[in-house]
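I'll drop the sequence and a predicted model, then ask my questions.
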Amino acid sequence: MAWPPPTRRRPSFRPPTRRWSRNWPRLAAKPPPCSDAERRAQAIVEEAKGRATEEANRIIAAARTEAEQQAVKARDALRDQVAALAVKGAEQILRKEVNASVHADLLQRLQTEL
């Protein structure tokens, strides 16, 4: 070894060479080499993702169907309640407006029409 020891040179920043920049698109387009185990692992992951997506779609479809059924039940219940309220309201109105003389008059009209 020679004295004084050689100084360690600092790496200087150099722009990429023309050769590197010319090959960059080809280098970037190539997928990294994978082993059979990695390919199999990727295939398993993709298969699991597909099954999970199918299961999610099935769950969503079942939830939509159930929501539609509940909406139909709610509409039917509301329709029944509205009908009951309408009958009750009509009954109260008729009690106030129809007295014995009006009632007798209505019956007379019906009798003459028949």
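Here it is on my side, so go on.

show the model's pLDDT score for residue 40.
Among the per-residue scores, residue 40 holds a pLDDT of 88.

could you shift the numbering so residue one becomes 17, and keep it that way?
Understood, numbering begins at 17; the last thing we discussed is residue 56.

next SSE after the helix or strand containing it?
According to DSSP states H and E, residue 56 maps onto helix 52-113. The C-terminal neighbour of helix 52-113 among helices and strands, as given by DSSP H and E, is helix 116-129.

what's the angle between that next one and helix 52-113?
Calculated by axes from the mean of the first three to the mean of the last three C-alpha atoms, to 10 degrees, helix 116-129 forms an angle of 100 degrees with helix 52-113.

avg pLDDT for helix 116-129?
73.

with just CA atoms, put that helix into CSV.
Taking C-alpha atoms only, helix 116-129 is exported to CSV below (Å, rounded to 0.1, in the frame of the first residue of the first chain):
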residue,chain,number,x,y,z
ALA,A,116,-132.1,13.0,12.2
SER,A,117,-134.0,15.2,9.8
VAL,A,118,-131.1,15.1,7.2
HIS,A,119,-130.8,11.4,7.6
ALA,A,120,-134.5,10.9,7.0
ASP,A,121,-134.3,13.1,4.0
LEU,A,122,-131.5,11.1,2.5
LEU,A,123,-133.4,7.9,3.1
GLN,A,124,-136.5,9.4,1.3
ARG,A,125,-134.3,10.3,-1.7
LEU,A,126,-132.9,6.8,-1.9
GLN,A,127,-136.4,5.3,-1.7
THR,A,128,-137.7,7.4,-4.5
GLU,A,129,-134.7,6.6,-6.7
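
now it: buried residues?
Neighbour counts over helix 116-129 (16 or more other C-beta atoms under 10 Å) mark no residue as buried. C-beta here means a position set from N, CA and C on the backbone, and glycine is covered the same way.
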